[in-house]
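Peer 1: Predicted coordinates and the sequence they were generated for:
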Amino acid sequence: MQVAKLTIKKQESYEPNAGQLVGAVVLEGPTGKQEIVLSAMAMSRIFGVIAEELIDRSRSNAKMVRNAVEEAIHEPLLLNASEISPDDLL
């Protein structure tokens, strides 16, 4: 079986249990399709996984930005150095 759909949403004001989170996962396989309603604990664990992934991605993106900035640190100096004429060195 494979996950076909995962939903977690807040109930609308006109729906039963307004404002509460509800979740479901739809599994599909050769024998058919099955929908499972997620418990509060299951939704909490899913949000925990998302939070960890968010932290990991943020760290990775921050490292890439830092590397790009560090590579550019000396670029203005190199540009200035390329503009120096031999007469300026005397």
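Peer 2: Nice, I can see it.
Peer 1: Low-confidence ranges, this structure, go.
Peer 2: 81-90 (pLDDT under 70).
Peer 1: Of all residues in it, which one is nearest the centre?
Peer 2: Leu54 (4.5 Å; C-alpha atoms, centre = their mean).
Peer 1: for the one helix or strand it maps to, packing partners?
Peer 2: Secondary structure assignment for Leu54, by DSSP states H and E: helix 40-72. Helix 40-72 makes packing contacts with strand 2-10, strand 21-29 when contacts are defined by 3 or more C-beta pairs under 8 Å, 6 or more residues apart in numbering; DSSP states H and E. (Glycine included, C-beta is placed from N, CA and C.)
Peer 1: which one of these lies closest to Asn61?
Peer 2: Closest approach to Asn61 among the helices and strands packed on helix 40-72 (C-beta to C-beta): strand 2-10, 24.4 Å.
Peer 1: same for the closest one, what does it pack against?
Peer 2: strand 21-29, helix 40-72.
Peer 1: Go ahead and name everything in contact with that strand.
Peer 2: With contact meaning C-beta atoms under 8 Å, 6 or more residues apart in numbering, strand 2-10 is reached by 19-29, 33, 38, 43, 46-47.
Peer 1: returning to what we had before: comparing the helices and strands packed on helix 40-72, which comes out most buried?
Peer 2: strand 21-29 (a mean of 15; mean count of other C-beta atoms under 10 Å).
Peer 1: Since that was my last question, I'll sign off now.
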